[in-house]
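*Asks:* just a sequence and a predicted model for now, questions to come.
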Amino acid sequence: MIECALDTLLYTLRDAVEKTSDANSVRVDLPGAGDPASPLVLPIATFRDHRQPDMTLLSLEFDCYLRLRRIRGQPLPELILNLGKPRWRWLSRSRPHRMRISYRAVDGWRPRVELDGRPLPLNYHGEE
């Protein structure tokens, strides 16, 4: 099972899209803590309209399990996403959540995150 912090996933996806906006594919390497994660490669060229060469929207939707991890010395806990199926499904009675992460060029590639169809408020640096 791959675990990744939500803010790390959002930053990694945004950084990959900004760096490769003109490339044929986006390669996202998720930094994992001990778990080797295969890179996520999105074939952008197949979704791009050839009449309009700029990518304007990227949206990912997946199932995940959520948990909070407290880190010593930090006032707020970190939200951890567990991607994949739990090892012992009968032990865990929780159902997976449906997460959608969308980036739009007109919003400056700031992410919009929805959890089970409801938008999550995100704080950005420099904004209240």
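*Replies:* The structure has been received and is ready for your questions.

*Asks:* for Pro111, which non-adjacent residue is spatially closest?
*Replies:* Nearest in space to Pro111, with sequence neighbours left out and distances taken as C-beta to C-beta, 6 or more residues apart in numbering, is Leu10 at 4.8 Å. The C-beta positions use only the backbone N, C-alpha and C, and glycine is treated the same way.

*Asks:* let me see the mean pLDDT of the host helix or strand of that neighbour.
*Replies:* Element membership of Leu10, judged by DSSP states H and E, is helix 6-19. On average, the pLDDT along helix 6-19 is 74.

*Asks:* now swap in stretch 63-81 and tell me
*Replies:* Averaging pLDDT along stretch 63-81 gives 87.

*Asks:* what does that stretch rub up against?
*Replies:* Stretch 63-81 has contacts (C-beta atoms under 8 Å, 6 or more residues apart in numbering) with 3-7, 9, 82-83, 86, 92, 94, 96-99.
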